[in-house]
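S.K.: here you go, sequence then predicted model.
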Amino acid sequence: MDEAVSFWLDNRNCAGTKAAQIGNKVLVLYRDRYYVIEGGAAQTRAGKPLRFSASSLPKAWKLALKGKTPAAVTSLPEAELAPRTQNTKRERKKAEKTVMTETQQEKVPELNVNAPVSAAKPKRKSEAKPAAQPPVAANCPYCHARHEIPLEKGKSGKPFFIPCARCKKEFAVRFVQVTMYQAQVAGFQ
């Protein structure tokens, strides 16, 4: 079917080759795309013309291209025109509840009422003390004396002042977290 067919597509008159026909609808090949023409214009959905590639053609049109003429179809169903998408949502399967039988209940040993109850208190995670973090070493910028400063003192990241134990001069310290905390020091005079 190498007939030339002219039709309206995107507000202009186009000419393509007739590929197949079912009833009053014609399948036209134009610029490597297939268009369904009805009444001299391409069918549209949401204002855009319906166009198909060879792999996305509806089944009825694929049969018509092979030469097998299906019964005259007055209108193709909406589901067949739209490209099919796979449902990605999986259906959840509910597990069935197991029901205990009477025989299983009889096998459970009864507790001795007079037996002393061991009062083992389970430890909560909130009661556990956090591991003590090692102090951060800082050297005095004036006399290079080493100072061990507890991490809690400057954990906020803000600088603070410490007097040197050896030379009695004050210097600024700020904790910086690398792999462990390190102290940056600065002297003032």
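M.R.: Great, that's in hand.
S.K.: break the chain into its domains for me.
M.R.: 4-81, 136-187 (automatic domain parsing).
S.K.: quick one: contacts for the residue lying farthest from the centre of the chain?
M.R.: The outermost residue of the chain relative to its centre, with distances by CA atoms, centre = their mean, is Cys167 at 59.0 Å. With contact set as CB atoms under 8 Å, 6 or more residues apart in numbering, Cys167 has these partners: 140, 142-143, 145. Quick note: C-beta positions are derived from backbone N, CA and C, even for glycine.
S.K.: tell me which two in those residues are the farthest apart.
M.R.: Comparing all pairs in the contacts of Cys167 by CB to CB, the longest separation belongs to Tyr142 and Ala145, at 8.4 Å.
S.K.: who touches both of those two?
M.R.: 164, 167.
S.K.: of the two, which one has the most company?
M.R.: Tyr142 (16 against 12; other CB atoms under 10 Å).
S.K.: now the helices for this protein?
M.R.: 59-66, 78-81, 102-106 (DSSP state H).
S.K.: just to revisit the earlier point, now the domains of the chain in CSV, with distance to Lys93 and mean pLDDT?
M.R.: Compiled in CSV, the domains of the chain are given as follows (distance: least, CB to CB, whole Å; pLDDT from 0 to 100):
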stretch, distance to Lys93, mean pLDDT
domain 4-81, 27, 84
domain 136-187, 46, 84
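S.K.: burial count for Arg90?
M.R.: Other residues near Arg90 come to 6 when the count uses other CB under 10 Å.
S.K.: now the phi/psi pair for it, please.
M.R.: Per-residue torsions, Arg90: phi -90, psi 150 (degrees, to the nearest 10).
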